[in-house]
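Colleague: Kindly generate the corresponding structure for this input.
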Amino acid sequence: MNHVQDWAEKRLETLSRCSDQEVRALDFSDDRLADVLRALSQDAAWDGFEAALNGHLLRVYDLKPQQVRLDSTTASGYGSVTPEGLFQFGHSKDHRPDLPQVKVMLSTLDPLGLPLATTVLPGQRADDPLYVPAITRVREGLGQRGLLYIGDCKMGALETRAFTQAGGDFYLCPLSERQLPAEVLETYLAPVERQEQPLTDVYREKGADAEGTGERERIAEGYERLVELTAEVDGQLITWTERRLVLRSLKQAQAQEAALRSRLAKAEQAVAALNERGRGKKRFTELAALQQAAEAQVEQYRVQGLLRLHYEEEIKERAVRRYRSRPATVRQEREVRVTVEVDEAALQKALARLGWRVYATNAPA
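Modeller: All right, here's what the predicted structure looks like:
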């Protein structure tokens, strides 16, 4: 706040003309700004101000809202944690679980990025329940329906999708495994693998020339399924048809394939290293111990089912000569080894599954 007074002092004429009243630099001192923030910190006062400001901006800039993007983030700090305070320990998105944080839910006009509603919440709050209040605030602020609300998979809760549908709006979000179990995704991808399901290519305009045309880049492929849903909203059952877009991002598939092949190579090296003998290296003499160590490496690199492990056990007999009172004996030495190879059939099947994601929407085609 302490920077605003100097900024206003250089623009007094403009501020006076725009506000139709005499403006002094002292009107923007940090203590007076604090009084304004204190007045606006009441939810009812802020909601009214926010709605009026949004309406004014939409009229001034002749904006035609069609899409609203919803997302949440966290901000960590060294604030004190109190039972009623905003700073709380929670799931840290900036990988600082040792610091308390606040959570911010932001609704912006897409693609302009104009903030429409901002909510600051205690840092331990979950994301899923924040979408319905955010949509409600945008509806109240804009006074419009028929908008497309875009969010991440945390927006995919059935309650949120049903609320959006019941209010006459549209939604678009990816579905997580919680909303779309693995066995359901399996039924979606099975006809693709059998080449029974035709796929539609998805293109993006890379750039426009002087004539308004640009080069098209193929970025994805997929197909669409229709699913009928029923849910309860405010005590009433509603039924609607949801379009599920089963899409494979080409770049994401390439990145995931590179990561998978890298993990496979590291897993092969780690398993092969179990056979090495030398100072400081553990020598396995029991097959069960070697098998446990090899499977631990496979699990560590997340390549279960993609490697074939073959175990060999060799027992050698070595004669030990008589020494003093110790009689001559035959000693058995046990040696175990493991060999590893990639299961190419399993690998190709895994590669075919990379890059796929299912998006849900109730918007018309």
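
Colleague: how about the spatially closest residue to residue 4 that is not a sequence neighbour, what does it touch?
Modeller: Leaving aside its sequence neighbours, residue 4 sits nearest to residue 28 (CB to CB, 6 or more residues apart in numbering; 4.6 Å). To be clear about C-beta, it is placed using only N, CA and C from the backbone, and glycine gets the same treatment. Applying CB atoms under 8 Å, 6 or more residues apart in numbering, we find residue 28 in contact with 4-5, 7-8.

Colleague: Tell me the helices and strands packed up against the top helix by length along the chain.
Modeller: For the chain, the helix reaching the highest residue count under DSSP state H is reported as helix 250-272. For helix 250-272, the packing partners by 3 or more CB pairs under 8 Å, 6 or more residues apart in numbering; DSSP states H and E come out as strand 216-233, helix 287-300, strand 307-320, strand 329-342, helix 344-352.

Colleague: Distance to residue 97 added to the ones you listed, as TSV?
Modeller: Output for the helices and strands packed on helix 250-272, formatted as TSV (distance: least, CB to CB, whole Å):
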stretch	distance to residue 97
strand 216-233	34
helix 287-300	23
strand 307-320	34
strand 329-342	36
helix 344-352	32
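
Colleague: can I get these in a markdown table with mean pLDDT and distance to residue 271?
Modeller: Putting the helices and strands packed on helix 250-272 into a markdown table (pLDDT from 0 to 100; distance: least, CB to CB, whole Å) gives the following:
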| stretch | mean pLDDT | distance to residue 271 |
| --- | --- | --- |
| strand 216-233 | 95 | 35 |
| helix 287-300 | 92 | 5 |
| strand 307-320 | 82 | 7 |
| strand 329-342 | 82 | 5 |
| helix 344-352 | 93 | 16 |
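
Colleague: Find the residue ranges of the stretch 101-250 of the chain scoring beneath the pLDDT cut-off.
Modeller: 207-213 (pLDDT under 70).

Colleague: Tell me where it has helices.
Modeller: Using DSSP state H, counting those that start in this stretch, the helices found in the stretch 101-250 of the chain span residues 131-142, 158-166, 182-193, 250-272.

Colleague: show me what contacts residue 360?
Modeller: Counting by CB under 8 Å, 6+ apart, residue 360 touches 156, 161, 171-175, 179, 242-245.

Colleague: Among those, name the ones in strands.
Modeller: Among the contacts of residue 360, the members found in strands (DSSP state E) are 171-174, 242-245.

Colleague: And residue 257, how far from residue 120?
Modeller: Distance, residue 257 to residue 120, using CB to CB, to the nearest Å: 41 Å.

Colleague: Is it correct that residue 106 is in contact with residue 75?
Modeller: No. Contact criterion CB atoms under 8 Å: residue 106 and residue 75 do not qualify, at 11.6 Å.

Colleague: Can you tell me the SS state at residue 359?
Modeller: Assigned state for residue 359: strand (three-state reduction, DSSP: H, G, I helix; E, B strand; the rest coil).
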